[in-house]
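# could you work out the structure for the sequence below:
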Amino acid sequence: MIKYDRFSLDNGLRVLVHEDRSTPLVAINILYDVGSRDEDPGLTGLAHLFEHLMFGGSVNIPEYDLPLQMVGGENNAFTNNDFTNYYLTIPSANIETGFWLESDRMLELDFSQKNLDTQKNVVIEEFNQRYLNQPYGDAILKLRPMAYKVHPYRWPAIGMDISHIENVGLEQVKEFFFSHYAPNNAILTLAGNVTSDIAFNLTNKWFGPIEKRRVSSRNIPAEPKQNEERILSIEKEVPSDALYKVWHIGPRKSADFYTLDLLTDLLAGGESGILYTELVRDKKLFSEINAYITSDIDPGLIVVQGKLMNGIDIQSAEECVNKVILNLPQRKGINEEIEKVKNKFESSTVFSNTSILNKAVSLAFCELLENPDLINMEVDIYRRVNLEMVNEAIAKYFVPSNCSTLYYKSIRKI
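The predicted model follows:
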């Protein structure tokens, strides 16, 4: 059981504190409720750009990393479709340094053209390396606009097109910051060697003076139901053909979420996963295959993707994928496999919660979902999933009219 205390400041900052005296460290996590779904379609990638800008110096502190490193701290961040998350770990004796650094960059960044140009170049290089200059890297850039027609999930967190970052100006960056980076749009979580009293006092001291801001209202268009199968075939100079299939699912808080999570764990639980066992090891149709859910807050996707062995017909391989999924409830020993997956989920969750950083990040996300108690409930919810629920989910979601397929074909065999 992960115990926590929760309070809010007058400026709207939500704070959760989990005390863990088994460590000399404290994890400080700040989640900003802004992700790529909050961007304008004509100016995407700003949420991810800010992940970099936030380390480029604030209004009073020219360099973020150096003061933290001098007191034994480490930090990092990540951005996704729904939110941006910053975290650090630090010796508890030096915790106030973390509060000082995080509060100052929430107050205001160093909005200089030099800093912006530097971070733009970093993001542009990342876009090129991850999406354009490696085999299959642009698959997600093809898949998302196939599956989504109006919802901003139709572009990845890094952005729809690199020209958006290349052309963004300083005033646009400032407007995005002050419209989203605010105490009333953030969640602060602490886990480790810190008491709630100390956390409350330091939060009031360093974040209390930051005034509320007018946060941009979220008006995201709902994605209409997909009523026809969507197929795209492309040819590139890649080592082998690859298959990508996505199906629409409900939002993160839907009743089916944990059923679908368990289902994809059944299909792709490493080398013991059913897709790997049947299509890689036994039939040797694929060299690798994976399945997962995107876990987005708004309605997301189930993704199945795999790289084919040379000489295998991609449509025939696709038929085998569909057959494995649709026949999964009738598979011999399926109840035992479900129980195995449940045990694995429980053990990985328990192990994850030995980390103060993981607990801080999880608490922030559960608070964003408006249910911080979820951190203690997920294993029980997952364990309640049964074969009947899996069968119903397959029948509900794995239908051709709900599917978008990308055939990524090789024009040469490397």
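# for the chain, longest helix please?
For the chain, the longest helix by residue count, based on DSSP state H, is helix 334-352.
# only C-alpha atoms, please: export that helix in PDB.
Provided in PDB are the C-alpha atoms of helix 334-352 (Å, rounded to 0.1, in the frame of the first residue of the first chain):
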ATOM      1  CA  ILE A 334      -5.600 -20.000 -22.300                       C
ATOM      2  CA  ASN A 335      -6.800 -19.600 -18.700                       C
ATOM      3  CA  GLU A 336      -3.400 -20.700 -17.500                       C
ATOM      4  CA  GLU A 337      -1.700 -18.200 -19.800                       C
ATOM      5  CA  ILE A 338      -4.100 -15.400 -18.500                       C
ATOM      6  CA  GLU A 339      -3.100 -16.300 -14.900                       C
ATOM      7  CA  LYS A 340       0.600 -16.200 -15.900                       C
ATOM      8  CA  VAL A 341       0.200 -12.700 -17.400                       C
ATOM      9  CA  LYS A 342      -1.600 -11.500 -14.300                       C
ATOM     10  CA  ASN A 343       1.200 -12.800 -12.000                       C
ATOM     11  CA  LYS A 344       3.700 -11.100 -14.200                       C
ATOM     12  CA  PHE A 345       1.800  -7.800 -14.100                       C
ATOM     13  CA  GLU A 346       1.600  -7.900 -10.300                       C
ATOM     14  CA  SER A 347       5.300  -8.700  -9.800                       C
ATOM     15  CA  SER A 348       6.300  -6.000 -12.200                       C
ATOM     16  CA  THR A 349       4.100  -3.500 -10.500                       C
ATOM     17  CA  VAL A 350       5.400  -4.400  -7.000                       C
ATOM     18  CA  PHE A 351       9.000  -4.200  -8.300                       C
ATOM     19  CA  SER A 352       8.300  -0.800 -10.000                       C
END
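# now it: mean pLDDT?
Helix 334-352 shows a mean pLDDT of 96.
# what lies in contact with stretch 263-282?
285-293, 302, 304, 306, 317, 320-321, 324-325, 328, 331, 337-338, 340-341, 344-345, 390, 393-394 (Cβ atoms under 8 Å, 6 or more residues apart in numbering). For every residue, glycine as well, the C-beta is placed using N, CA and C.
# how about residues contacting the longest helix of the chain?
Contacts of helix 334-352 (Cβ under 8 Å, 6+ apart): 262, 265-266, 269, 272, 274, 328, 331, 358, 362, 378-379, 382-383, 385-387, 390.
# among these, which are in helices?
Per DSSP H, the contacts of helix 334-352 map to helices at 262, 265-266, 274, 358, 362, 378-379, 382-383, 387, 390.
# of those, closest to M160?
Among these, S362 lies closest to M160 (Cβ to Cβ), at 29.9 Å.
# could you check the distance from the nearest residue to the closest one once chain neighbours are set aside over to A360?
Of all residues not flanking S362 in the chain, I375 sits nearest, at 5.1 Å (Cβ to Cβ, 6 or more residues apart in numbering). Using Cβ to Cβ, to the nearest Å, we find I375 at a distance of 10 Å from A360.
# got it, and M160?
To A360, M160 is 31 Å away according to Cβ to Cβ.
# and these two? Which one has more around it.
Legend: neighbour count by other Cβ atoms under 10 Å for M160 and A360, higher for A360 (29 against 20).
# sticking with the more buried one, tell me its helix or strand.
Secondary structure assigned from DSSP states H and E places A360 in helix 356-368.
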